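Asks: Compute the structure for the input listed below.
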Amino acid sequence: MKSLIFCNNVLISENHKPYIAMLLVQLIYAGMALFSKAAVAQGMNPFVFVVYRQAFASLALAPFAFFLESKKTSPLSYYLLCKIFLISLFGLTLSLNLYYVAINYTTATFAAATTNTIPAITFVLAGLLGMESIPIRQSYGIAKVLGSIVSVSGALVFAFVKGPSLPFMNWHPNTPDSSSKHSSLGEWIKGALIMISANTAWSLWLVLQGPIIKQYPAKLRLTTLQCFFSCIQSAFWAVAAERNPSAWKLGWNINLLSVAYCGVIVNGITYWLQVWAIEKKGPLFTAMFTPFALIITAIFSAFFWKETLYLGSVGGAVLLVVGLYSVLWGKKKEEGKSVTNDEENPETKEETILESATTTYH
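Replies: Sure, this is the predicted structure:
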């Protein structure tokens with residue numbers, strides 16, 4: 001018998017909880033893009049932002065890693081520690097620093113839109129590294145390949161094609177939108193290419209999580225360790241790029257709120273919500289909700305940042321979503337073909353949960 005919860009005069013069944021959880025996750029991710037853009041637009045150095053964000057993330061995750069995984073015996077050799085350090089450097093650290101540089105040249109909506117390319121880019125990189133099969137003679141293989149092409153094409157259309165503006169989204173017709181503040185088209189193009197590079201680095205980080213979690217299965221400790229390494233690496237990067245001590249000061253303003261939100265809320269609450277939803281509905285279920293962050297971000301950006309939505313951007317967003325769902329459909333069909341692998345071993349399940357929980361972590 002299904003259990004029901006009576007909350008605020010609304011009857012919520014157990015089956016509805018994962019849907020509510022994932023909508024909340026996407027709302028949090030939309031807030032991440034908006035808060036990040038706000039802090040950088042207010043003059044906070046992007047590299048300093050990453051240092052503080054990763055510091056907050058490490059502090060937020062450390063207690064959970066210590067208490068919840070205290071019984072797990074995962075030996076950590078010097079060689080494995082060096083491997084985790086390098087994966088953090090070329091995946092996590094590189095991706096986040098590029099992301100915050102790019103968001104300074106683009107918009108929060110563009111940042112949320114290009115996140116939808118991560119599953120496609122991950123699939124391509126995994127295929128190139130021999131970690132993902134590409135059966136082009138099967139329908140699901142074709143769907144994954146075409147979906148990847150369409151998704152990346154959508155990102156390029158969103159970045160470089162504008163067209164006429166949409167009047168129903170132009171809520172400030174007499175006020176220049178935030179994208180017009182960029183001094184030149186060249187800066188927008190540079191920001192778009194940097195953002196795509198950030199997503200590529202993030203996808204590479206996701207691909208590399210598979211082998212490393214088999215060697216160190218304590219996934220929460222692994223995530224905390226990588227956040228800590230990323231904080232140290234980003235600190236060296238920030239010190240080299242920003243020599244002014246005043247740039248490191250945090251007051252009671254949007255800068256502190258943004259780094260705390262991204263470090264604690266995004267890294268903490270969304271992690272557990274997604275892991276819980278994956279255990280209830282599976283990893284593909286959580287990935288299906290990714291486009292909602294784009295919709296939420298576009299609405300709030302139009303209202304708070306006076307961003308104007310263009311027809312070309314809408315077309316690019318549609319291609320992004322179509323490409324995403326094509327890849328997910330192909331993945332679902334491929335899993336259906338492997339009936340004998342329905343009972344996942346513990347290592348595979350751990351890997352699936354970690355990858356799905358961090359897909360839209362930016």
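Asks: Enumerate every residue touching Gly147.
Replies: Ala120, Val322, Gly323, Leu324, Tyr325, Ser326, Val327, Leu328, Trp329, Gly330 (Cβ atoms under 8 Å, 6 or more residues apart in numbering). Just so you know, the C-beta spots here come from the backbone N, C-alpha and C atoms, and that holds for glycine as well.
Asks: What is the burial count for the fourth one?
Replies: For Leu324, the neighbour count with other Cβ atoms under 10 Å is 25.
Asks: Helix or strand: which one has it?
Replies: helix 311-337 (DSSP states H and E).
Asks: now swap in the first one and tell me
Replies: Using DSSP H and E, the element containing Ala120 is helix 118-128.
Asks: okay, the angle between that helix and helix 311-337?
Replies: Computed by axes from the mean of the first three to the mean of the last three Cα atoms, to 10 degrees, the angle separating helix 118-128 from helix 311-337 equals 50 degrees.
Asks: could you give me the average pLDDT of helix 118-128?
Replies: Throughout helix 118-128, pLDDT has a mean value of 84.
Asks: in that helix, what counts as buried?
Replies: For helix 118-128, burial by neighbour count (16 or more other Cβ atoms under 10 Å) applies to Ile118, Pro119, Ala120, Ile121, Thr122, Phe123, Val124, Leu125, Ala126, Gly127.
Asks: Would you point out the most distant pair within those?
Replies: Pairwise distances across the buried residues of helix 118-128 (Cβ to Cβ) peak at 14.8 Å, for the pair Ile118 and Gly127.
Asks: re the thing from before, the contacts of Gly147 into CSV, with extra columns for distance to Thr73?
Replies: As requested, the contacts of Gly147 are exported to CSV (distance: Cβ to Cβ, whole Å):
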residue, distance to Thr73
Ala120, 37
Val322, 45
Gly323, 42
Leu324, 38
Tyr325, 41
Ser326, 42
Val327, 37
Leu328, 36
Trp329, 40
Gly330, 38
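Asks: Separate out the buried members of the residues you listed.
Replies: Ala120, Val322, Gly323, Leu324, Tyr325, Ser326, Val327, Leu328, Trp329, Gly330.
Asks: distance of the fifth one from Gln226?
Replies: The spacing between Tyr325 and Gln226, counted by Cβ to Cβ, to the nearest Å, is 30 Å.
Asks: And the first one, by the same measure?
Replies: The gap separating Ala120 from Gln226 is 23 Å, by Cβ to Cβ.
Asks: returning to what we had before: among the buried ones among the contacts of Gly147, which one lies nearest to Thr297?
Replies: Leu324 (15.6 Å).
Asks: which residues does the closest one contact?
Replies: Here Leu324 is in contact with Asn116, Pro119, Ala120, Gly147, Ser151, Ala287, Thr290, Pro291 (criterion: Cβ under 8 Å, 6+ apart).
Asks: quick one: pLDDT of the fifth one?
Replies: For Ser151, the pLDDT comes out at 86.
Asks: before we move on, what about the last one?
Replies: According to the model's per-residue confidence, Pro291 sits at a pLDDT of 83.
Asks: Leaving out sequence neighbours, find the closest residue to it.
Replies: Val321 (4.7 Å; Cβ to Cβ, 6 or more residues apart in numbering).
Asks: Now for that neighbour: which residues touch it?
Replies: Applying Cβ under 8 Å, 6+ apart, the residues contacting Val321 are Asn116, Gly154, Pro291, Leu294.
Asks: right, and Ile149 touches Val322 too?
Replies: No: at 11.0 Å, Ile149 does not count as touching Val322 under the criterion of Cβ atoms under 8 Å.
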